[in-house]
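Colleague: I would like the atomic coordinates for the input below:
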Amino acid sequence: MAAGSNVIIVLQWNDKFGLSGNDYDLGLYSYGAGQYVAVSAAPQDGDDNPLEAFSYTVPTGTATCDYLVVVEKYSGVEKTLEVFIYPSSGVGVYTNNITPVDAVFGHAAVPNALAVGAIAADDPGNDDIELFSSHGPSTISYPTSESRSKPDICGIDGVSVTGSGGFPSTFYGTSAAAPHVAALAAQSWGAFPDKTGDEVRDALKSSAVDLGTAGFDNVFGYGRADAWYVYETLPVELSSFTARTGNGAVTLHWATQSEIDNLGFHVYRALSEDGKYERLTADLIEGAGNSAAKQEYSFADVRLTNGITYWYKLEDVAFDGMTQMHGPIPVTPKGEQIAEMQALPEAFGLTQNFPNPFNPFTEIQYQLPEASRVELVIYDVLGREVRRLVDGTVQAGYHSIQWRGEDRHHRTVGSGIYLYRLETEDFVETRRMLLLR
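Modeller: Numbering: from 1, shown residues only. All right, here's what the predicted structure looks like:
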């Protein structure tokens with residue numbers, strides 16, 4: 001360490017925070033001075049944290065020399081120790097006895113939080129991990145012992161930052177790579193507000209450019225985050241697909257909540273659910289391309305025989321030729337009788353309300369793959385219940401309900417952000433909406 005340089009050193013061990021009874025001390029020994037220049041010796045006697053730390057700056061005029069990090073067990077039993085060294089410029093760290101493995105800790109080790117590694121912005125191929133970027137896995141001791149696969153993904157550092165914090169611009173490190181990935185998540189969510197947090201997080205991981213060992217690894221996670229690829233990964237979201245008979249035709253209606261690179265749709269028909277489906281559309285029904293707004297479509301089939309059951313499927317076609325099938329829906333035309341059928345959803349879901357923002361009313365849609373006990377409740381931002389829209393058993397299918405901005409006493413509520421929560425025995429999801437009076 002040279003004069004004026006600084007180092008922060010942190011020691012922790014696998015006792016429960018607030019209950020540590022194994023006492024360790026941490027020191028920094030100067031070979032030049034022949035003595036300890038920094039010591040952390042807080043007591044751990046049963047109700048303390050398993051933590052010691054200090055910051056040391058070499059005084060001006062001190063000759064450059066070597067220093068030794070010393071850990072001493074004062075009392076108790078041996079535990080697993082982790083030492084974290086944060087050097088400033090002018091500090092060289094010997095790496096022959098330290099490792100970046102299992103160095104992801106704190107909030108970054110939470111299962112559903114994205115832990116982000118850093119790749120240097122000036123790396124020619126953007127495929128080398130920064131030396132300071134922590135590796136996984138992350139070992140957790142409490143409440144139960146487990147090993148979590150971390151990091152989840154990597155981002156490029158060397159980003160420009162503005163606002164609070166006093167950070168320099170351009171800014172480097174994992175603290176820069178993480179906001180880089182957060183910005184990709186924010187852009188994706190802004191473009192497709194109907195997506196859930198889980199869907200955006202999964203899209204970030206599944207679209208990452210694989211680096212290092214093939215597949216997931218504990219250095220790069222799923223790979224390098226890529227803005228364009230994550231945008232392409234978010235698929236067409238079909239919110240409804242229904243069929244109605246009458247006036248000598250079967251009319252199919254469908255709606256999307258969002259579309260990514262959607263070239264259009266084809267309609268197919270068969271005489272049984274597992275039969276051979278023939279395409280009814282000679283030309284593609286043009287899609288919206290890229291859209292975060294609700295889109296609606298329809299198609300009429302007039303080549304019918306009364307009393308025969310027809311099965312319909314819907315195919316969406318992407319710009320790159322990739323396709324996805326939806327349905328089927330069974331329909332039996334009977335003269336001029338009107339009947340309505342719709343394909344059952346494959347999973348539980350709660351869509352973004354529409355319109356949003358809204359005044360005076362908005363529509364909330366949800367889907368159930370099976371009959372379920374359902375609670376659909378409106379809350380204010382303080383978590384207080386405003387209105388219970390649904391409370392009971394609901395059949396499988398697509399459902400829609402309006403909220404007119406009123407509380408349970410039918411009094412008009414004020415402008416602001418409100419939360420709506422769908423809960424069944426197997427599913428819970430909460431979304432936000434904005435009422436503007």
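
Colleague: let me know the secondary structure of the residue lying closest to G289 once chain neighbours are set aside.
Modeller: In space, and not counting its chain neighbours, G289 is closest to N262: 6.1 Å by CB to CB, 6 or more residues apart in numbering. The way it works is simple: take the backbone N, C-alpha and C, and place the C-beta from them, glycine included. Three-state call for N262 (DSSP: H, G, I helix; E, B strand; the rest coil): strand.

Colleague: surely N262 meets E286?
Modeller: No. Using CB atoms under 8 Å, N262 is not in contact with E286; the gap is 9.2 Å.

Colleague: so between the two, which is more surrounded?
Modeller: N262 (22 against 11; other CB atoms under 10 Å).

Colleague: look up how far W403 lies from that one.
Modeller: N262 sits at a distance of 30 Å from W403 (criterion: CB to CB, to the nearest Å).

Colleague: before we move on, what about R269?
Modeller: Distance of R269 to W403, given as CB to CB: 38 Å.

Colleague: near M1, how many other residues are there?
Modeller: Number of residues near M1 (other CB under 10 Å) recorded here: 24.

Colleague: residues touching it, list them.
Modeller: Residues in contact with M1, defined by CB atoms under 8 Å, 6 or more residues apart in numbering, are 7, 58, 64-65, 67, 90-92.

Colleague: those residues in strands, which ones?
Modeller: Among those, the members found in strands (DSSP state E) are 7, 67.

Colleague: that older thread, tell me the bridge partners for the residue nearest to G289.
Modeller: Legend: beta-bridge partners of N262 under DSSP bridges are G289, A318.

Colleague: strands along the stretch 51-200 of the chain, start to end?
Modeller: 51-57, 67-75, 81-87, 116-119, 138-140, 146-148, 153-156 (DSSP state E, counting those that start in this stretch).

Colleague: F167: which of those strands is closest?
Modeller: The closest of the strands of the stretch 51-200 of the chain to F167 is strand 116-119. By CB to CB, the value is 14.6 Å.

Colleague: for the closest one, C-alpha coordinates in PDB please.
Modeller: Extracted C-alpha coordinates of strand 116-119, given in PDB (Å, rounded to 0.1, in the frame of the first residue of the first chain):
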ATOM      1  CA  VAL A 116     -25.500  -8.900 -11.900                       C
ATOM      2  CA  GLY A 117     -21.900  -9.500 -12.800                       C
ATOM      3  CA  ALA A 118     -19.700  -7.000 -14.700                       C
ATOM      4  CA  ILE A 119     -18.100  -7.100 -18.100                       C
END
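
Colleague: by contact count, what packs against that strand?
Modeller: If you count contacts as 3 or more CB pairs under 8 Å, 6 or more residues apart in numbering; DSSP states H and E, strand 116-119 packs onto strand 153-156, helix 174-191.

Colleague: okay if I get these as a markdown table plus mean pLDDT and distance to R432?
Modeller: Formatted as a markdown table, the helices and strands packed on strand 116-119 follow (pLDDT from 0 to 100; distance: least, CB to CB, whole Å):
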| stretch | mean pLDDT | distance to R432 |
| --- | --- | --- |
| strand 153-156 | 94 | 25 |
| helix 174-191 | 86 | 11 |
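
Colleague: please identify the most buried of those.
Modeller: Of all those, strand 153-156 has the most neighbours on average by mean count of other CB atoms under 10 Å, namely a mean of 25.

Colleague: and it, how far out from the chain's middle?
Modeller: Centroid separation between strand 153-156 and its chain, computed with CA atoms, centre = their mean, to the nearest Å, is 15 Å.

Colleague: which secondary element of this structure has the worst mean pLDDT?
Modeller: Sorting the helices and strands of the chain by mean pLDDT, DSSP states H and E puts strand 340-342 at the bottom, at a mean of 50.

Colleague: once you drop chain neighbours, what's closest to L68?
Modeller: Nearest in space to L68, with sequence neighbours left out and distances taken as CB to CB, 6+ apart, is Y29 at 4.4 Å.

Colleague: residues in contact with the one you found?
Modeller: 35-37, 67-70.

Colleague: most neighbours among these, which one?
Modeller: Neighbour tally across the contacts of Y29 (other CB under 10 Å): the maximum, 20 neighbours, falls on Y67.

Colleague: am I right that that residue is in contact with G27?
Modeller: No. Using CB under 8 Å, Y67 is not in contact with G27; the gap is 10.1 Å.

Colleague: any weak-confidence spans in the chain?
Modeller: Confidence mapping of the chain against pLDDT under 70 gives the ranges 162-165, 192, 194, 231-236, 292, 334-343.

Colleague: right, so of the helices and strands packed on strand 116-119, which gets closest to T144?
Modeller: strand 153-156 (25.6 Å).

Colleague: with just CA atoms, put the closest one into CSV.
Modeller: Presented in CSV, the C-alpha positions along strand 153-156 are these (Å, rounded to 0.1, in the frame of the first residue of the first chain):
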residue,chain,number,x,y,z
ILE,A,153,-26.8,-12.4,-15.6
CYS,A,154,-24.0,-10.0,-16.6
GLY,A,155,-24.1,-6.4,-17.8
ILE,A,156,-21.6,-4.0,-19.4
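
Colleague: helices or strands up against that strand?
Modeller: Contacts defined by 3+ CB pairs under 8 Å, 6+ apart place strand 153-156 against strand 116-119, helix 174-191.

Colleague: run the last query once more with 10 Å
Modeller: Judged by 3 or more CB pairs under 10 Å, 6 or more residues apart in numbering; DSSP states H and E, strand 153-156 is in contact with strand 116-119, helix 174-191, helix 197-206.

Colleague: who are the contact partners of the residue nearest to G289?
Modeller: Listed by CB atoms under 10 Å, 6 or more residues apart in numbering, the contact set of N262 reads 235-236, 256, 286-291, 295, 316-319, 324.

Colleague: pull the most distant pair out of these.
Modeller: Within the contacts of N262, P235 and E286 form the most distant pair, 18.0 Å apart (CB to CB).

Colleague: what is L350 paired to in the beta sheet?
Modeller: With DSSP bridges applied, L350 shows beta-bridge pairing to Y366.

Colleague: cheers, nothing more for now.
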